[in-house]
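Peer 1: just a sequence and a predicted model for now, questions to come.
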Amino acid sequence: MSYTGRCECGAITLAIGAAPLATRQCWCRQCQTLAAGSPTNNAIFPAEAVAIDGPLASSTWTAASGNTLTFHFCPACGTQVYAQSSARPHMKTVRFGVIDQPHDLAPQAIIWTQDAPGWAVFDPALERHPRQPAPPPSPPQD
């Protein structure tokens with residue numbers, strides 16, 4: 001399985017050579033701030049499977065989980081590309097919006113539901129977590 005992607009202005013390109021370990025919709029307050037009040041939709045990949053070309057800027061802060069999160073984005077157009085947690089440096093959490101369409105990605109779970117606004121609508125078919133769930137398992141090593 002592979003994916004490609006790019007930021008809005010095309011300065012950043014991605015090549016992802018693996019299936020996602022998990023896909024999640026996140027309603028934490030930081031994601032809501034980044035997504036103009038909505039959740040972010042993310043695919044978690046093994047870090048080594050994500051190749052990025054182009055200059056990235058980053059911002060780092062402490063998340064509600066207590067982990068340090070670093071968000072990487074295009075400095076020219078501001079497109080969010082991926083996030084990485086200090087607790088899981090072997091994984092990159094790539095934003096759905098930066099992955100080229102068409103793709104087969106859809107959230108499998110909704111996380112940080114306790115932070116969602118009262119008007120948020122959750123797909124009843126998806127697993128839900130009020131806070132940060134356990135990380136997805138790493139793929140088996142060959």
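Peer 2: Done, it's in.
Peer 1: let's see the worst-scoring helix or strand of the chain on mean pLDDT as CSV, backbone CA atoms only.
Peer 2: The weakest-scoring helix or strand in the chain, judged by mean pLDDT, DSSP states H and E, is helix 29-34 (a mean of 90). Only the C-alpha atoms of helix 29-34 are listed here, as CSV (Å, rounded to 0.1, in the frame of the first residue of the first chain):
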residue,chain,number,x,y,z
ARG,A,29,-8.6,21.2,22.0
GLN,A,30,-5.3,21.6,20.2
CYS,A,31,-6.6,19.8,17.1
GLN,A,32,-9.8,21.9,17.2
THR,A,33,-7.7,25.0,17.3
LEU,A,34,-5.7,23.8,14.3
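Peer 1: tell me which residues of that helix come out buried.
Peer 2: By 16 or more other C-beta atoms under 10 Å, the buried positions in helix 29-34 come out as Gln30, Cys31, Gln32, Leu34. Every residue, glycine included, has its C-beta placed from N, CA and C.
Peer 1: pick the one among those residues closest to Ser86.
Peer 2: Taking C-beta to C-beta as the measure, Ser86 sits nearest to Gln30 out of the buried residues of helix 29-34, at 14.4 Å.
Peer 1: and the closest one, how far is that from Ala76?
Peer 2: 23 Å (C-beta to C-beta, to the nearest Å).
Peer 1: burial count for Phe73?
Peer 2: 21 (other C-beta atoms under 10 Å).
Peer 1: I'd say it and Val81 touch.
Peer 2: Yes: with contact defined as C-beta atoms under 8 Å, Phe73 reaches Val81; the gap is 5.8 Å.
Peer 1: need the overlap of contacts for these two.
Peer 2: Cys7, Leu56 (C-beta atoms under 8 Å, 6 or more residues apart in numbering).
Peer 1: does Cys9 count as helix, strand or coil?
Peer 2: Per DSSP: H, G, I helix; E, B strand; the rest coil, the secondary structure class of Cys9 is coil.
Peer 1: what sits closest to it if chain neighbours are left out?
Peer 2: Cys77 (4.0 Å; C-beta to C-beta, 6 or more residues apart in numbering).
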